[in-house]
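J.: quick one: sequence and predicted model below, then my questions.
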Amino acid sequence: MGPARGGGRWVAVAPGRLNKWIDGFADRHGTFEASGDESVVRLRAMDGALAEIHAPFPPLPQGAPYVSRMVAHAQRERRVGVVLVRLGGYAAGVFQGSELVASKVGSRLVQGRTAAGGWSQQRYARRRALQASQAFEAAAETALRVLTPHLDGLEAVVFGGDRKAADALKSDRRLAPLVALEAEPFLVVPDPKLAVLRQTPEQFRAVRIRIVDPEPGPEPDPADP
């Protein structure tokens, strides 16, 4: 995933591989002590390495030891709604775990920008604004049609596509019950086709882990025997 703010780097691990990843962390860095809170489990290894495991869809439940609690939480097959929108394209789906159980995908023409000036430019801008408004209206109606029948069972709703378009969509008051369930991560995806929608669990179910490698030890002194 890349460098992390404040140091270290991010990796994303599928829920089914989390146990294996933790075992590998211990193999590479030695035994570790676990601590944490309702959203993060921290593994501090003997050599100084740190792994911060961020829970998808926090908070973590109370009870079992940190690691087993995180693994069980990450692997649970919760019901999640997904709404993707880009200017002119949209998709909505309901997932049970990684299985897509309801969906609808659509598109509306929104013309690109033009460099023309004068009255033509103004007419073009008005036409484009109308097309964008109609596209967002269709996207909102699709999200409501697909997700509302499952609203009582949804644990979260994840948005994605283009952030500006998603913000415009979320301003529709009819979507307030869905926006109230909004959870991270925001899904950065290409045009919202059905194939793209089907792949979103790879992002929203993934466990994000910040890894900070141990500080290197001192260089040996060549004068030492």
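T.: Noted; the coordinates are in hand.
J.: residue ranges of each domain in this structure, please.
T.: Annotated domains of the chain cover 2-76+206-212, 79-204 [automatic domain parsing].
J.: got the ones you listed as TSV, with mean neighbour count columns?
T.: Where C-beta positions appear, they are placed from N, C-alpha and C, glycine not excepted. Formatted as TSV, the domains of the chain follow (neighbours: other Cβ atoms under 10 Å):
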stretch	mean neighbour count
domain 2-76+206-212	16
domain 79-204	17
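J.: got TSV for those, with mean pLDDT too?
T.: Below are those laid out as TSV (pLDDT from 0 to 100):
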stretch	mean pLDDT
domain 2-76+206-212	94
domain 79-204	86
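J.: what's near enough to touch T148?
T.: Listed by Cβ atoms under 8 Å, 6 or more residues apart in numbering, the contact partners of T148 are P177.
J.: does it count as helix, strand or coil?
T.: helix (DSSP: H, G, I helix; E, B strand; the rest coil).
J.: over to S103?
T.: Once three-state DSSP is applied, S103 turns out strand.
J.: which residue packs closest to it, ignoring adjacent ones?
T.: G93 (4.0 Å; Cβ to Cβ, 6 or more residues apart in numbering).
J.: bridging residues for the one you found?
T.: Per DSSP bridges, the residues bridged to G93 are V82, S103.
J.: my read is that it contacts R79, right?
T.: No: in this structure, G93 is not within contact of R79 by Cβ atoms under 8 Å, at 11.2 Å.
J.: quick check: nearest residue in space to P201, chain neighbours excluded?
T.: S98 (4.2 Å).
J.: now that neighbour: how far from R79?
T.: 12 Å (Cβ to Cβ, to the nearest Å).
J.: now swap in A55 and tell me
T.: Distance from A55 to R79, by Cβ to Cβ: 17 Å.
J.: hey, where'd the helices end up in the chain?
T.: 18-29, 66-75, 118-147, 163-170, 176-179, 194-199, 201-204 (DSSP state H).
J.: which residues touch the closest residue to H29 other than its chain neighbours?
T.: Computed as Cβ to Cβ, 6+ apart, the closest residue to H29 that is not its neighbour in sequence is A45, at 3.5 Å. Counting by Cβ under 8 Å, 6+ apart, A45 touches 25-26, 29-32, 51, 214.
J.: tabulate those (a markdown table), appending distance to K170.
T.: Converted to a markdown table, the contacts of A45 look like this (distance: Cβ to Cβ, whole Å):
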| residue | distance to K170 |
| --- | --- |
| F25 | 37 |
| A26 | 42 |
| H29 | 42 |
| G30 | 46 |
| T31 | 45 |
| F32 | 40 |
| A51 | 33 |
| P214 | 42 |
